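Novice: Sequence first, predicted coordinates after that:
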Amino acid sequence: MASPGTENKKEAISSALGDTYQRLYELPDPKLPVKYPRTPGYRPAQADNPYNAWAWRCDIKGAPSGKLHGKTVAIKDNACVAGIPLMNGSRMLEGFVPDVDATVVSRILDAGGHIIGKAVCENLCDDGGSFTSVTGPVLNPHNNTRMANGSSSGSAALVAGGHVDMALGGDQGGSIRMPAAACGIVGLKPTYGLVPYTGIMPMEFTLDHTGPMASTVHDTALMLEVLAGLDGDLDPRQPRDLSVPESYSSKLTGEISHLKLGVLKEGFGYPNSEADVDELVRNSADRLGREAGAK
């Protein structure tokens with residue numbers, strides 16, 4: 001049994017720690033400014049949500065000019081948009097409303113983008129299908145009996161269905177690339193650290209990526225120009241000597257004769273492979289060499 005003196009020391013230490021933690025709690029958090037006015041928006045009715053791809057609708061107009069002026073944008077529902085609910089596909093976050101914009105959201109608005117809603121994502125972004133979100137399955141716009149894939153399921157479906165010009169996606173293990181492929185749009189997982197992840201729900205620091213999704217390569221490149229670049233000291237994923245080209249879209253010349261392309265031979269001929277898919281991929285790779293001059 002501890003002596004009274006020992007118990008008194010424990011109480012004193014606990015009290016001092018409690019006072020310290022209370023002081024830390026009271027310190028104001030550093031926050032990025034919210035630059036553009038918006039209203040809380042609304043959850044759309046089923047009749048206005050044909051693919052079940054909208055998590056929330058809003059109307060946030062960005063700068064009057066810029067690279068994305070005139071473009072409508074959906075934001076994956078794992079990224080903070082101030083004043084707009086964020087669920088990350090999970091009941092656990094129901095009722096959470098961020099009071100900051102993710103850095104990439106601010107950059108989209110600064111470039112003149114028009115954010116018109118949050119796109120459904122899979123439950124905690126942890127699935128490659130499109131049936132785990134708390135709001136229900138996201139349907140493929142090309143065939144409503146098929147999946148849109150995930151976890152950026154709503155982003156891909158909204159672009160493919162013509163509801164937005166472009167969308168923000170997130171990718172740790174294929175979550176931009178798989179839904180883009182399933183829905184027939186363009187999606188890019190950027191080089192690690194190229195695009196800041198500040199203000200986005202993380203999964204794991206060494207895997208977190210966010211990037212553009214659009215119906216064309218040009219719009220995807222244009223959106224990447226807006227998203228890429230250092231975020232001061234806010235994102236430890238980014239190298240301090242990060243170098244970003246001035247323009248990705250200007251490099252889209254169509255000239256690929258200088259490129260050597262690899263095709264993964266182990267990607268074909270499995271028992272569960274679909275022969276028509278194997279053939280389509282091989283023929284497409286063939287055309288890059290035969291018609292476009294790549295090796």
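Specialist: Sure thing, it's come through.

Novice: Tell me, how many residues neighbour Tyr21?
Specialist: Residues lying near Tyr21 (other C-beta atoms under 10 Å) number 10. (Each C-beta comes from the backbone N, C-alpha and C, glycine too.)

Novice: in the protein, which spans are helices?
Specialist: 4-26, 103-110, 153-160, 177-183, 217-227, 275-290 (DSSP state H).

Novice: Now these in a markdown table, please, with extra columns for distance to Met87 and mean pLDDT.
Specialist: As requested, those are exported to a markdown table (distance: least, C-beta to C-beta, whole Å; pLDDT from 0 to 100):
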| stretch | distance to Met87 | mean pLDDT |
| --- | --- | --- |
| helix 4-26 | 26 | 77 |
| helix 103-110 | 16 | 98 |
| helix 153-160 | 11 | 98 |
| helix 177-183 | 18 | 98 |
| helix 217-227 | 23 | 98 |
| helix 275-290 | 34 | 94 |
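
Novice: and Gln238, which of these is closest to it?
Specialist: helix 103-110 (10.5 Å; C-beta to C-beta).

Novice: So what touches that closest one?
Specialist: Counting by C-beta atoms under 8 Å, 6 or more residues apart in numbering, helix 103-110 makes contact with 32, 35-36, 60, 62-63, 66, 68, 73, 75, 79-81, 101, 115, 168, 195-196, 198-200, 210, 223, 226-227, 229, 231, 234-235, all of which sit outside it.

Novice: same thing but 7 Å
Specialist: Contacts to helix 103-110, defined as C-beta atoms under 7 Å, 6 or more residues apart in numbering, come from residues 32, 35-36, 60, 62-63, 66, 68, 73, 75, 79, 81, 115, 168, 195-196, 198-199, 210, 226-227, 231, 234.

Novice: Against Ala102, how distant is the closest residue to Met203 other than its chain neighbours?
Specialist: In this structure, Met203 finds its nearest non-sequential neighbour in Gln172, 5.1 Å apart by C-beta to C-beta, 6 or more residues apart in numbering. Going from Gln172 to Ala102 by C-beta to C-beta, to the nearest Å gives 16 Å.

Novice: same deal with Asp48?
Specialist: For Asp48 relative to Ala102 (C-beta to C-beta), the value is 25 Å.

Novice: what sits against the residue nearest to Met203?
Specialist: Contacts of Gln172 (C-beta under 7 Å, 6+ apart): 203-204, 207-209.

Novice: How about Asp101?
Specialist: The contact partners of Asp101, taken as C-beta under 7 Å, 6+ apart, are 32, 34, 80-82, 199.

Novice: May I have the phi/psi pair for it?
Specialist: The phi/psi pair for Asp101 (degrees, to the nearest 10) reads phi -100, psi 140.

Novice: distance of it from Ala55?
Specialist: 17 Å.

Novice: what do you get for Arg290?
Specialist: In terms of C-beta to C-beta, Arg290 sits 44 Å off from Ala55.

Novice: Who has more neighbours out of these two?
Specialist: Comparing Arg290 with Ala55 by other C-beta under 10 Å, the one with more neighbours is Ala55, at 28 against 10.

Novice: Just want to check the distance between Pro37 and Arg177.
Specialist: 35 Å.

Novice: out of the two, which sits in the more crowded spot?
Specialist: Counted by other C-beta under 10 Å, Pro37 and Arg177 do not tie: Arg177 has more neighbours, with 20 against 9.

Novice: mind showing which ranges of the stretch 151-295 of the chain have poor pLDDT?
Specialist: Scanning the stretch 151-295 of the chain for pLDDT under 70 picks out nothing.

Novice: how about the lengthiest strand in the chain: buried residues?
Specialist: Determined from DSSP state E, the single longest strand within the chain is strand 54-61. For strand 54-61, burial by neighbour count (16 or more other C-beta atoms under 10 Å) applies to 54-58, 60.

Novice: Next, the angle helix 103-110 makes with it.
Specialist: 50 degrees (axes from the mean of the first three to the mean of the last three C-alpha atoms, to 10 degrees).

Novice: Tell me the helices and strands packed up against strand 54-61.
Specialist: Judged by 3 or more C-beta pairs under 7 Å, 6 or more residues apart in numbering; DSSP states H and E, the packing partners of strand 54-61 are strand 114-119.

Novice: Could you list the residues in contact with the strand it packs on?
Specialist: For strand 114-119, with C-beta under 7 Å, 6+ apart as the criterion, the contacting residues are 53-62, 71-77, 81, 84, 108-109, 154-155, 158, 164, 167.
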